[in-house]
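K.L.:
quick check, what structure comes out for this input:
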Amino acid sequence: MAARLTAGADGTGTVPLLEDLMPWSVRPMRPGRPWVTAPEAASLRARWDLLVAAEGEEQERLFLPTRSRTPSTPAAALPGRAGGTSAFARDPGPYPDPVRILHGPFDEQWLIPDHRLLDAARPELWRVADGRQLFAVEHGYVPGQEGPALSATALLPDGHSPAGRPGRIRPLYRRPGGQEPNLAPGLPALLADRYGEPVSAESFLAWTLAAALPSPSGPLVPLPADGGLWARGVELGREMLRVQLRGAHGGERPRLPGGRRPYVRATVPARPDGLRYQAGEEALVLGEGRISPVPAGAWDFQVSGVRMLELWFGRRAGAGEGLAAVGPRDWPRERTSELLELVTVLALLAGLRPRQRELRGRLDSAATLTRQDLGAAGILPVPARHRRPASVLDHQEEGPEGQFALL
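P.N.:
Numbering: from 1, shown residues only. Okay, the predicted model is just below:
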């Protein structure tokens, strides 16, 4: 498999790259300051209030200015969001309701949706984020490390990489309302003709979750010539997608089978001093707190070489500096509930890995569609306009200082 399922450094190998097949992508957000995101929404309100109450040099110190944003920098409103556009120091305006985001892989947090506080908010993502949208988030490639090449979410993702090598964010649809799939023109029709069944945007995303492989050039997406193998992969990918969406789009929250569901066996203390795993007892230990059963697959689940449970805990156990240090003094009960769900998500995904390995083994010996095949069918190269955002506006957006933005 390693010999065939590779791409050249310039992306000219045999197996199609995800960027060939989902051509429009957006770089990860760049907040510029850590205090604009938090695990609890209440922390963000407290930080906002402190910043508003501060003046002059103190406000500047708390703000953490960059070349892109200072307290004196006006900015356009984020698409679909009402908020201040004048300089924060002069007119902070009302507190904007925080939005739920995916902060890196598998970590759901909250964000203050104020463009004046974000160095690079990627407005093009906000324009297409709605109740129908899904996002494929690439994970940075780290040589020698196993783990998923990408994940999917219904939340707005910031694309943060735990290994410091971010990939791209690829919306599934180019327009709101689930309109215009972000797929290479002609690709769904070509695959439908090959497989003898319709190929939707979501079935393509499901296949990609199941079959994609990491590479230095970006995720590789082998496409089988056989419809049976495609159906097998799509079925697996839909299970992976259901788990990762965590009940979004009308689905059910992920749950492990009875007898394997993690429970709190000893209450997590107010300030747990560390996180460790007892493999023999399948127990996650947080100070004096104890959660079990926690399958080894959940504990060992890594993205880009970083263990997800340790990363999640570290982000909540660290003191932080400045406004980022403003948060709950004790361990909130809701935080434990979120940890239980994360354990469930990672355990379920780890449990699907044997089927992924089997699928990839079959792909290794199966006939696949190459980049050259897609070129001969007129799918590649993708027209340049499909790599750019679609024009989705039916209204004017408010620019800096309340002026209408020129788009």
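K.L.:
so residue 347 sits against residue 300, correct?
P.N.:
No - using Cβ atoms under 8 Å as the test, residue 347 is too far from residue 300 to be in contact (10.4 Å). (Each C-beta comes from the backbone N, C-alpha and C, glycine too.)
K.L.:
of the two, which one has the most company?
P.N.:
Neighbours were counted for residue 347 and for residue 300 using other Cβ atoms under 10 Å; residue 347 has more, 23 against 14.
K.L.:
quick check: nearest residue in space to that one, chain neighbours excluded?
P.N.:
residue 298 (4.0 Å; Cβ to Cβ, 6 or more residues apart in numbering).
K.L.:
hmm, who's touching the helix or strand that neighbour falls within?
P.N.:
For residue 298, the element it lies in under DSSP states H and E is helix 296-299. For helix 296-299, the external contacting residues (Cβ atoms under 8 Å, 6 or more residues apart in numbering) are 277, 279, 282, 284, 307, 309, 343-344, 346-347, 350-351, 353.
K.L.:
out of those, which are buried?
P.N.:
277, 282, 284, 307, 309, 343, 344, 346, 347, 350, 351 (16 or more other Cβ atoms under 10 Å).
K.L.:
turn those residues into a markdown table, including pLDDT.
P.N.:
Converted to a markdown table, those look like this (pLDDT from 0 to 100):
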| residue | pLDDT |
| --- | --- |
| 277 | 98 |
| 282 | 97 |
| 284 | 98 |
| 307 | 96 |
| 309 | 98 |
| 343 | 98 |
| 344 | 98 |
| 346 | 98 |
| 347 | 98 |
| 350 | 98 |
| 351 | 97 |
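K.L.:
of those residues, just say which sits nearest to residue 271.
P.N.:
Set against residue 271, the nearest of the buried ones among the contacts of helix 296-299 by Cβ to Cβ is residue 284 (16.8 Å).
K.L.:
dig out what that closest one forms beta bridges with.
P.N.:
Beta-bridge partners of residue 284, counted by DSSP bridges, are residue 277, residue 291.
K.L.:
hang on, it packs against residue 293?
P.N.:
No - Residue 284 is not in contact with residue 293 according to Cβ under 8 Å; the separation is 9.3 Å.
K.L.:
what sits against residue 380?
P.N.:
With contact set as Cβ under 8 Å, 6+ apart, residue 380 has these partners: 16, 20, 184, 371, 374.
K.L.:
what about the first one, how many residues close to it?
P.N.:
Counted with other Cβ under 10 Å, the burial measure for residue 16 works out to 25 neighbours.
K.L.:
can you name the residues that contact it?
P.N.:
By Cβ under 8 Å, 6+ apart, the contact list for residue 16 reads 220, 221, 222, 223, 369, 370, 371, 374, 380.
K.L.:
ditto for the fourth one
P.N.:
With contacts defined as Cβ under 8 Å, 6+ apart, the neighbours of residue 371 are 12, 13, 14, 15, 16, 20, 380.
K.L.:
next step: those restricted to helices.
P.N.:
Mapping the contacts of residue 371 onto helices (DSSP state H) picks out residue 20.
K.L.:
if we can go back for a sec, which pair in the contacts of residue 380 spans the largest distance?
P.N.:
The distance between the two most remote of the contacts of residue 380 (Cβ to Cβ) is 11.2 Å, for 184 and 371.
K.L.:
what touches both of these two?
P.N.:
Common neighbours of residue 184 and residue 371 (criterion: Cβ under 8 Å, 6+ apart): 20, 380.
K.L.:
hmm, residue 199 is touching residue 184, no?
P.N.:
No - look at residue 199 against residue 184 with Cβ under 8 Å: they stay out of range, at 11.9 Å.
K.L.:
pull the number of nearby residues for residue 321.
P.N.:
Count around residue 321 with other Cβ under 10 Å applied: 10.
K.L.:
quick one, phi/psi of it?
P.N.:
Main-chain torsions, residue 321, degrees, to the nearest 10: phi -130, psi 150.
K.L.:
ok, it - contacts?
P.N.:
Contacts of residue 321 by Cβ under 8 Å, 6+ apart: none found.
K.L.:
what about it, distance to residue 348?
P.N.:
Per Cβ to Cβ, to the nearest Å, residue 321 is found 36 Å from residue 348.
K.L.:
likewise for residue 170?
P.N.:
From residue 170 to residue 348 the distance is 23 Å (Cβ to Cβ).
K.L.:
with residue 64 instead?
P.N.:
Distance of residue 64 to residue 348, given as Cβ to Cβ: 38 Å.
K.L.:
before we move on, what about residue 211?
P.N.:
According to Cβ to Cβ, residue 211 stands 18 Å off from residue 348.
K.L.:
between those two, who's got more neighbours?
P.N.:
residue 211 (26 against 22).
K.L.:
wait, isn't residue 132 in contact with residue 173?
P.N.:
Yes - between residue 132 and residue 173 a contact is recorded at 6.7 Å, counting by Cβ under 8 Å.
K.L.:
who has more neighbours, these two?
P.N.:
Neighbour tally, residue 132 and residue 173, criterion other Cβ under 10 Å: the higher count belongs to residue 173, 23 against 15.
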